[in-house]
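[1] build the 3D model from these lines:
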Amino acid sequence: MPNDFASLWSAVAATFSAVAALTMMFIHRRNMIDAASPEVIIEGWGRKILRVGETEKDVLTFAKISNVGKGSAFDICINATDSINERPLTASSTRSFPIIPSGKEIAVNGEIFLFWKNVNKDHGMLPIKITISCWSSKNYRYDTVYNLMAIELKQFAAFAGASEVAPHIWLMIRSAKSYPVWKLKLNEYCSTLPAIGRFFTDSK
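    Residues are numbered from 1 along each chain as shown. You can find the predicted model right below:
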């Protein structure tokens, strides 16, 4: 009987030791990933009316993008084109940059054109979605999404709890997510399967 108890406690101790070692490995891996994590933000917001011939274009602008994360950002891509019923709500040229080191910034001439003629006249508000994608040195993709709300300059409105980044344009929410490359490849493969592909289309 004593030998049985000794064997049992030896097995329990070995199990706890293995669990502790595995936990430490995951913590170490998570710390390595966090140490290489970029965080790209937009700064220098503005708004202007651009006159093109006889017409006026309402334009949201931003002056620079900065990496405030711990690691360098690679293959940065910025896009802010959106539509409803195949009619444009916002339009911008896709901007891309090879690298932004941690703590550095890049001056840009960012312009997002607002198409008020396609906005529902009942509420008179135009949603703006800006997506920033980049990669870390650890093969993780980072997606940051800015959701803003705009009204025409001649109108008046305010949104409680939201920051006004430019005249009559408010930042409603800013979200960020990260994805390991293996998960992106798995989703891409699953999206091609006939039975379940629709559940993985455009999913991360």
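
[2] and Glu54, how many neighbours?
    Neighbours of Glu54 under the rule other C-beta atoms under 10 Å: 5. The C-beta positions use only the backbone N, C-alpha and C, and glycine is treated the same way.

[3] with Thr144 instead?
    Once other C-beta under 10 Å is used to define contacts, Thr144 is seen to have 20 neighbours.

[4] and what of the one 10 residues further on?
    The number of residues packed around Lys154, counting by other C-beta under 10 Å, is 6.

[5] doesn't it belong to a strand?
    No. Secondary structure assignment places Lys154 outside any strand; it is coil (DSSP: H, G, I helix; E, B strand; the rest coil).

[6] do you have the helices of the chain handy? List them.
    Assigned helices in the chain, in chain order: 2-35, 181-190, 197-200 (criterion: DSSP state H).

[7] what mean pLDDT does the longest one get?
    If I follow you right, that is helix 2-35. When the per-residue pLDDT values of helix 2-35 are averaged, the result is 65.

[8] again with the second one
    Model confidence over helix 181-190, given as mean pLDDT, is 68.

[9] and for the last one?
    Taken as a whole, helix 197-200 has an average pLDDT of 57.

[10] residue contacts, Leu148?
    When contacts are counted by C-beta atoms under 8 Å, 6 or more residues apart in numbering, Leu148 is found next to Leu60, Pro127, Ile128, Lys129, Ile130, Val165, Ile169, Trp170, Leu171, Met172.

[11] ok, it to Pro127 distance?
    Separation of Leu148 from Pro127 (C-beta to C-beta, to the nearest Å) stands at 7 Å.

[12] re the thing from before, and of the contacts of Leu148, the nearest to Ser178?
    Top of the list for closeness to Ser178, among the contacts of Leu148 and by C-beta to C-beta, is Ile130 at 17.8 Å.

[13] surely that closest one meets Ile112?
    Yes. Distance between Ile130 and Ile112: 7.3 Å, which falls inside the contact criterion (C-beta atoms under 8 Å).

[14] okay, and the common contacts of those two?
    Among the neighbours of Ile130, those also in contact with Ile112 (C-beta under 8 Å, 6+ apart) are Ala80.
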